[in-house]
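Chemist: for reference, the sequence and a predicted model appear below.
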Amino acid sequence: MFAASATALQAGPKQFAYLDEDTGRTFVPLRLMGEYAGAAVDWQPEAERIVLRKEGKEIVLHLGRSEAGIGSEAMPLDAPPFALDGVTYVPLRFVGTALGLSVEWQKEINAVRIAQQDGDVRLPVVPLGSIRTDKSPIVHESRTFQVGGKSFKAQIITISLMDPRVELDVVPAGGKIGRTEALSSIAERHGAMVAINGAFFDAYTESDIKMPYGWIMNDGEVLNRGTGEVRATFIYDKNNLAEVADGGDMPGLIREGNIDGAIQAGPRLVRDGKVDLDVEGERFRDPKILTSSGARSALGITRDHKLMLVTVPAATIPQLAEIMRQAGAWQAMNLDGGASSGLYYNGKYVTTPGRLLSNVLIVKLER
């Protein structure tokens, strides 16, 4: 995850890196070079000229021009800077090397890690031209999957996480951990376009207080602490860079300070595009998880930074894992299920839960 020194980057609009698939080059916002790399940035709009200064070194680039200067030396560029939607992007490899940064590609989450001596930052990587604000970033569909000779009809809502209009939140019922509330009520109260049930909770206690199990975070704040669970956990940062983390890593990841939201549930279903189940290793003992078929909820993350929220009326955990793989998840995990399984979209239920819920993952869409 991120080191503490990268915290300042997480304020404001999402930041990501663009991949030009024609050249294979990656571009990052010019702003990043000032905020993170510690360079003085001089943008001269009339000349479309960029000057970066750091530790006595001066780097000069021009928009659309295939050459750059480092000090008095002119150097060719096969990936010239460009401007898009009011943001100036510069070639990461060239500028990063010139400023003494280490650049690492992180395949498992389709991100680039940029490091210097006092910390690092990760940015999601998206293909140039893939973010289309003229289209809705949220799509609902019903799909039928064949697993082991059986048919399963799933409800799937797919969210483009890099779209600037998309915001994720993890919210407790009634605004406080331990309360319960209808899924639709939670969604409507928060102005959500999409909502799905989240972490397991003590649904069968006679007490009015029904506590969730495991880590729950929102806006960087820990709302509910894990108690040593190693179960899979969905985490994301301010850029909506999302992943399924191993639950045992959560204390260290939280100390690093840049998780914006988290829901711990499990088990993990898919890792790197392949079914990856270790139900007993995640310390599940309930037959409802180990062997039974039941209503299921799950989330998946695609390689191109889309979030899939899925419900299936009756499936075992291995069947659900195969469904998520076939649906295109690169990473995936199970959420609470049974009577808790519920999915809300655009003002109505797609899957109606059979009980009040403790906590939910919501998606808000800025107009």
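Modeler: Looks like it arrived, so ask away.
Chemist: element containing Ile59?
Modeler: Secondary structure assignment for Ile59, by DSSP states H and E: strand 57-62.
Chemist: and Pro76, how many residues sit next to it?
Modeler: A count of neighbours around Pro76, defined by other Cβ atoms under 10 Å, yields 8. No exception for glycine: its C-beta is placed from N, CA and C like everyone else's.
Chemist: quick check: the gap between it and Leu356.
Modeler: As judged by Cβ to Cβ, to the nearest Å, Pro76 and Leu356 stand 63 Å apart.
Chemist: can you list the neighbours in contact with stretch 275-287?
Modeler: The contact list for stretch 275-287 (Cβ atoms under 8 Å, 6 or more residues apart in numbering) reads 229-232, 247, 266-270, 289-290, 317-318, 321-322, 325.
Chemist: how long is it from one end to the other?
Modeler: 20 Å (Cα to Cα, to the nearest Å).
Chemist: would you map out the domains in the chain?
Modeler: 4-127, 138-365 (automatic domain parsing).
Chemist: lowest-confidence stretch among the ones you listed?
Modeler: Lowest mean pLDDT within the domains of the chain: domain 4-127, at a mean of 85.
Chemist: mind listing the helices for this protein?
Modeler: 30-35, 92-98, 183-189, 250-256, 287-290, 317-327 (DSSP state H).
Chemist: Ile138 is nearest to which of those?
Modeler: Ile138 lies closest to helix 183-189 among the helices of the chain, at 13.2 Å (Cβ to Cβ).
Chemist: which helices and strands does the closest one pack with?
Modeler: strand 194-197, strand 343-345, strand 348-351, strand 359-365 (3 or more Cβ pairs under 8 Å, 6 or more residues apart in numbering; DSSP states H and E).
Chemist: buried ones in it?
Modeler: Under the neighbour-count criterion of 16 or more other Cβ atoms under 10 Å, helix 183-189 has 183-184, 186-187 buried.
Chemist: which of the helices of the chain is buried the deepest?
Modeler: helix 317-327 (a mean of 22; mean count of other Cβ atoms under 10 Å).
Chemist: run through who's touching that helix.
Modeler: 143, 145, 147-148, 150, 152, 154, 156, 267, 269-270, 273-277, 279, 289-290, 293, 296, 298, 300, 308, 310, 312, 315, 332, 334.
Chemist: separate out the buried members of the residues you listed.
Modeler: Judged by 16+ other Cβ under 10 Å, buried ones among the contacts of helix 317-327: 145, 147, 152, 154, 156, 267, 269-270, 275-277, 279, 289, 296, 298, 300, 308, 310, 312, 315, 332, 334.
Chemist: strands - which of these land there?
Modeler: In strands, defined here by DSSP state E, the members of those are 145, 147, 152, 154, 156, 269-270, 275, 296, 298, 300, 308, 310, 312, 315, 332, 334.
Chemist: for the residue most central in space within the chain, name its beta-bridge partners.
Modeler: Taking Cα atoms, centre = their mean as the criterion, Ala242 is the residue nearest the geometric centre of the chain, at 1.9 Å. Under the criterion DSSP bridges, Ala242 forms beta bridges with Tyr236.
Chemist: touching, it and Ile301? I think so.
Modeler: Yes: shown here, Ala242 and Ile301 form a contact pair, counting by Cβ atoms under 8 Å, at 5.2 Å.
Chemist: shared neighbours of these two, anything?
Modeler: Leu307.
Chemist: Asp278: how many residues sit nearby?
Modeler: Using other Cβ under 10 Å: Asp278 sits among 14 other residues.
Chemist: what of the one 4 residues further on?
Modeler: Here the count is done by other Cβ under 10 Å, and Glu282 has 21 residues near it.
Chemist: now do Thr227
Modeler: Other residues close to Thr227 by other Cβ under 10 Å number 8.
Chemist: how near is it to Gln264?
Modeler: 10 Å.
Chemist: overlap of the contact sets of these two?
Modeler: Common neighbours of Thr227 and Gln264 (Cβ under 8 Å, 6+ apart) are Gly214.
Chemist: what's near enough to touch the closest residue to Thr291 other than its chain neighbours?
Modeler: Spatial nearest neighbour of Thr291, chain neighbours left out: Thr316 (7.1 Å); criterion: Cβ to Cβ, 6 or more residues apart in numbering. Thr316 makes contact with 291-293 under the criterion Cβ under 8 Å, 6+ apart.
Chemist: just these now: which is nearest Pro91?
Modeler: Among those, Ser293 lies closest to Pro91 (Cβ to Cβ), at 51.8 Å.
Chemist: pretty sure that closest one sits against Pro313.
Modeler: No: counting by Cβ under 8 Å, Ser293 does not reach Pro313; the two are 9.7 Å apart.
Chemist: could you pull out the strands for the stretch 51-200 of the chain?
Modeler: Taking DSSP state E, counting those that start in this stretch to define them, one finds strands in the stretch 51-200 of the chain at 57-62, 67-70, 73-76, 82-84, 87-91, 102-106, 111-116, 119-127, 138-147, 150-160, 166-172, 194-197.
Chemist: end-to-end on stretch 53-73?
Modeler: 15 Å.
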